[in-house]
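# any chance you could fold what I've pasted below:
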Amino acid sequence: MKAIGYNKSLPITNPESLMDIELAQPIAKGWDLLVKISAISVNPADYKVRLNMAPEAGEFKVLGWDAMGEVIATGDAVTCFKPGDLVYYAGDITRQGNNAEYHLVDERIVGKKPKSLSNGEAAALPLTAITAWEILFEHLAIKQQSVALDAKSNEVILVVGAAGGVGSILVQLAKAITGATVIGTASRESSNAWVRKLGADHVIDHSKPLKEQIEALNIGQVTHIASLNSTDTYFEAYTDLIAPFGKIAMIDDPESLDVTKLKAKSLSLHWEFMFARSMFSAVDMHEQGILLSRVANLVDEGYVNTTVGKNLGAINAENLRAAHEALETGRSIGKIVLEGF
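Numbers count the residues shown, from 1 in each chain. All right, here's what the predicted structure looks like:
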């Protein structure tokens, strides 16, 4: 089968950083589904793994953890899916990725594809939707409410980096199924417009002091913070602007943080990593399949839109190198998707 992989960790400008290769088609066993890949999306996790995890000598590593495709075969323990089902998922970072024509994935972390979306639009969602959902409802413990209930709560969420992949879906989920006031940050005119389109109640500029801009909104103190990039840069400002007993969740990898700054306001700090459940075969790893199905319903009911920012065409090494290069700049808006081989 066709696949895109690497055998050495190289800068993305090197043509061998990602190469078109041929691999044997895998076989589904146990909980696994064999999925024929129709579309993928690319995440910062892809280039971080490429740069920091060299394959075993003589082996190729295949990246990619956001996919949409058709179930072709199932393992003997599979109970929820059958051949012909259209699915979307974010996979398991400890296994070979989905930058390949066929891919194995545990059924417990898979959801049915949203019916109203194209293949590429669906592939844009899983990893960021899982990350956003776990930040909002498992780490920050924001109160969920029915989409039919238009009640406001006293919760105020600050989303730093709201125009990126996770921020784009987090803002939508917060507006659809919570009563919280959502403040997104964006520093460019184009990203500011994107975040407003997603539904944020307010947009501020993260290149300027945060506290003064939030106080000028006259909406009370921030109670929750989703820190989606540069947490070490903003951490002191977070502890200054957030309300006592507030919660901060981050997804990036700051070199160091002075957690003693959390004590005075009795704050809590959470670290989201959506691969944790699959990496350690958590007893509740099926929760990711459940939440993907809930997100699919919200999409089909019109409450959440796809977060595709750019479609780079066919799934091949040249287009994947372009996707990695764009993400490495840190200025990409929305998700980058590729479709077909």
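# from here on, just use CA atoms for contacts and neighbour counts.
Noted.
# now residue 88. Nearest residue, chain neighbours left out?
Closest residue in space to residue 88, ignoring its immediate chain neighbours: residue 68 at 4.3 Å, by CA to CA, 6 or more residues apart in numbering.
# wait, isn't the one you found in contact with residue 120?
Yes: the criterion here is CA atoms under 8 Å, and residue 68 meets it with residue 120 at 7.5 Å.
# overlap in contacts, these two.
Common contacts of residue 68 and residue 120 (CA atoms under 8 Å, 6 or more residues apart in numbering): 38, 39, 40.
# now the strands for the stretch 1-150 of the chain?
2-6, 19-22, 32-42, 61-62, 66-74, 86-89, 102-106, 110-112 (DSSP state E, counting those that start in this stretch).
# before we move on, the earlier item: what's the burial count for the residue nearest to residue 88?
Number of residues near residue 68 (other CA atoms under 10 Å) recorded here: 32.
# just the pLDDT for it.
pLDDT for residue 68: 98.
# next up, the contacts around it.
Counting by CA under 8 Å, 6+ apart, residue 68 makes contact with 37-40, 86-89, 113, 119-120, 122-123.
# pull out the buried members of those residues.
By neighbour count, with 16 or more other CA atoms under 10 Å, the contacts of residue 68 hold 37-40, 86-89, 113, 119-120, 122-123 as buried.
# just these now: which is nearest residue 25?
Nearest to residue 25 among the buried ones among the contacts of residue 68 is residue 37, at 12.2 Å by CA to CA.
# any idea what residue 102 is bridged to?
Note on residue 102: beta-bridge partners residue 36, judged by DSSP bridges.
# strands of the stretch 201-341 of the chain, residue ranges please.
202-204, 222-227, 242-250, 268-271, 308-311, 335-339.
# list the contacts of the fifth one.
With contact meaning CA under 8 Å, 6+ apart, strand 308-311 is reached by 120, 121, 124, 333, 334, 335, 336, 337, 338.
# how does it look with 6 Å?
With contact meaning CA atoms under 6 Å, 6 or more residues apart in numbering, strand 308-311 is reached by 124, 333, 334, 335, 336, 337, 338.
# most neighbours among the residues you listed, which one?
Ranking the contacts of strand 308-311 using other CA under 10 Å puts residue 124 first, with 33 neighbours.
# for residue 23, which non-adjacent residue is spatially closest?
Once flanking residues are discounted, residue 23 sits nearest to residue 1: 5.4 Å by CA to CA, 6+ apart.
# so who does that neighbour touch?
22, 23, 24, 25, 101.
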